[in-house]
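Novice: using only what follows, build the 3D model:
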Amino acid sequence: MHTGGEPLRIITSGYPAIPGDDILAKRRYARDELDHLRRFLMFEPRGHYDMYGAILVETSLPDADLAVLFIHNEGYSTMCGHAIIALGRYAVDHGLVAPVEPITPVNIECPCGLVRAEVSVIKGKSGAVRFKSVPSFMFAADVELALVDGRAFKTDIGYGGAFYAVLDAGQFGLAVGSSPVRDLIDIAQSVCSAVNASITLNHPDHDDLAFLYGAILTDGKDTSAKEPTRNICVFADNQVDRSPTGSGVSARLAIQHAKGLIPTGITRRFESVIGSDFDGRIFDTSHCGPYPAIIAEVSGKAHYSGEAGFWHDTDDEIGRGFTVR
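Specialist: Just a heads-up that it's a prediction; the model follows:
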């Protein structure tokens, strides 16, 4: 499937059992014992550098309809909004939950916690999906740092199921949507290096959640909730999200709310580097440990793009997975 252009390869069968008492334990086991399968499915010749995937696993939360591990070019993320939107439709269409018109709830257990999705179902056909994520919060505001070349910049750090550095690309003379994507990737990589060298992240729930997932470069339009805003998310090992990034939208909403820029209930449109869009709003306020937090609601639509089976010839070393950049 894809959501706003961002791929999601849903592994439906053939994966070994992944043991663990909870979803984070399953994530650690997959990382430590089964990582060759991530490379097999994400990298060439079956995938590409920016491929994204979802492994369905046994649930450990009583309210969960399904549980998922997210995989990409570097490893295993903790939250993925575009995947939630796709998995919501998939769960309804493939009988993981019974369809209910006009809205079918689908509760998805993620490494960051339980995410509650709602799938539009009209005359038996699934459509748009919205989800309420885990508590999202601003970890730090207006942090002053410098790139390795000495250029100074300011960034906020927000959590929306994963941690992001969120900052205006205009600080570097770049514009999301018109500047070369390669230039935006290079800046995002440098920003992440600067943040990792200077900032120690922590999450009240679990140390496994306390890492910088990526950088979100924006068009700087944070002061008006009435107009759309565009961003590009560069995450993992310089992987580019084609969608507006659901967990990134949650983090941006948390930052905007913490700065008094958007009230509860106002819907804002977030656009990706290719122009696809999600709608986001602050559904409610909450807390995450000591941090004032929000419950973000993000809406979008996923589409089916194909079905495939993969196998490996035992003498095919190249076929174990490779990248060329």
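Novice: ok, the nearest residue to D50 once chain neighbours are set aside - contacts?
Specialist: Among residues not flanking D50 along the chain, Q239 sits closest, at 5.2 Å (CB to CB, 6 or more residues apart in numbering). From N, CA and C alone the C-beta is placed, and that goes for glycine too. Each residue near Q239 by CB atoms under 8 Å, 6 or more residues apart in numbering is listed here: 49-50, 52, 72-74, 214.
Novice: what do you get for G158?
Specialist: Residues near G158 by CB under 8 Å, 6+ apart: 136-139, 164, 166, 251-252, 254-255.
Novice: circling back to that earlier point, just the pLDDT for the residue nearest to D50.
Specialist: With respect to pLDDT, Q239 scores 98.
Novice: that one and P105, how far apart?
Specialist: 30 Å (CB to CB, to the nearest Å).
Novice: again with T78
Specialist: Relative to P105, T78 is positioned 22 Å away (CB to CB).
Novice: swap in T200?
Specialist: 37 Å.
Novice: those two: who's more crowded?
Specialist: Neighbours per residue (other CB atoms under 10 Å) separate T200 from P105, with P105 holding more: 13 against 6.
Novice: could you look up the SS state of that one?
Specialist: With DSSP: H, G, I helix; E, B strand; the rest coil as the basis, P105 sits in strand.
Novice: please verify my assumption that it contacts E118.
Specialist: Yes - with contact defined as CB atoms under 8 Å, P105 reaches E118; the gap is 5.6 Å.
Novice: residue with max distance from the center of this structure?
Specialist: Computed with CA atoms, centre = their mean, the residue of the chain farthest from its C-alpha average is D315, at 35.5 Å.
Novice: got phi/psi on that one?
Specialist: Dihedral angles of D315 (phi, psi; degrees, to the nearest 10) stand at phi -100, psi 10.
Novice: with just CA atoms, put the longest helix along the chain into PDB.
Specialist: Scanning the chain for the longest helix, with DSSP state H as the assignment, gives helix 181-198. Extracted in PDB, the C-alpha atoms of helix 181-198 (Å, rounded to 0.1, in the frame of the first residue of the first chain):
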ATOM      1  CA  VAL A 181      15.600  17.400  -2.000                       C
ATOM      2  CA  ARG A 182      19.300  16.400  -1.900                       C
ATOM      3  CA  ASP A 183      20.000  19.800  -0.200                       C
ATOM      4  CA  LEU A 184      17.200  19.300   2.300                       C
ATOM      5  CA  ILE A 185      18.500  15.800   3.100                       C
ATOM      6  CA  ASP A 186      22.000  17.100   3.700                       C
ATOM      7  CA  ILE A 187      20.800  19.800   6.100                       C
ATOM      8  CA  ALA A 188      18.500  17.400   7.900                       C
ATOM      9  CA  GLN A 189      21.400  15.000   8.400                       C
ATOM     10  CA  SER A 190      23.600  17.800   9.800                       C
ATOM     11  CA  VAL A 191      20.800  19.000  12.100                       C
ATOM     12  CA  CYS A 192      20.400  15.500  13.500                       C
ATOM     13  CA  SER A 193      24.100  15.200  14.100                       C
ATOM     14  CA  ALA A 194      24.100  18.500  16.000                       C
ATOM     15  CA  VAL A 195      21.100  17.600  18.100                       C
ATOM     16  CA  ASN A 196      22.500  14.200  18.900                       C
ATOM     17  CA  ALA A 197      25.900  15.700  19.900                       C
ATOM     18  CA  SER A 198      24.200  18.300  22.300                       C
END
